[in-house]
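>>> sequence isn't available, so here's the structure alone:
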């Protein structure tokens, strides 16, 4: 029967320690993943509760989102119409001799912004 040398025993011991470390690390990772999943489930439950409290449920919240989105689209269209109307008035007033300073005062925009806006509209009208 052969006796183990010290270096062989040390090598086996190091291998055993390495296996134990690997097992501990794997267990720590499993625990961390499990805890992350629990935390995600908790956050999801809290979000559902918040929807219930604030909006009366997911379906009502989605319906409200639809209505708000449609209202925003309508407002954007109205804003575009009003801007076009304003630009037409600016053109007419400029043709009648109104100064950029007066128009800036009345619109609340800077003279530079008005002039630039007209330049953009002119370029867009030519295209």
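Perfect, thanks for sending it. These figures come from a predicted structure and were not determined experimentally.
>>> how distant is the helix or strand containing residue 15 from the center of its chain?
Residue 15 belongs to helix 6-55 when elements are defined using DSSP states H and E. Taking C-alpha atoms, centre = their mean, to the nearest Å, one finds helix 6-55 lying 30 Å from the centre of the chain it belongs to.
>>> quick check: phi and psi on residue 98?
phi -70, psi 140 (degrees, to the nearest 10).
>>> mind pulling the model confidence for it?
Looking at residue 98, its pLDDT is 93.
>>> tell me how far it lies from residue 83.
18 Å (C-beta to C-beta, to the nearest Å). No exception for glycine: its C-beta is placed from N, CA and C like everyone else's.
>>> what about the residue nearest to residue 64 when sequence neighbours are not counted, how many neighbours?
Nearest in space to residue 64, with sequence neighbours left out and distances taken as C-beta to C-beta, 6 or more residues apart in numbering, is residue 55 at 6.1 Å. Neighbours of residue 55 under the rule other C-beta atoms under 10 Å: 15.
>>> before we move on, what about residue 114?
Neighbour count for residue 114, taken as other C-beta under 10 Å: 19.
>>> what's the answer for residue 79, then?
Residues near residue 79, counting by other C-beta under 10 Å: 10.
>>> which stretch of helix or strand covers it?
Counting by DSSP H and E, the secondary-structure element that holds residue 79 is helix 58-95.
>>> other residues contacting the following helix or strand past that helix?
Next in sequence after helix 58-95, counting helices and strands by DSSP H and E, comes helix 100-107. Helix 100-107 is touched from outside by 86, 90, 93, 94, 110, 111, 113, 114, 115, with contacts defined as C-beta atoms under 8 Å, 6 or more residues apart in numbering.
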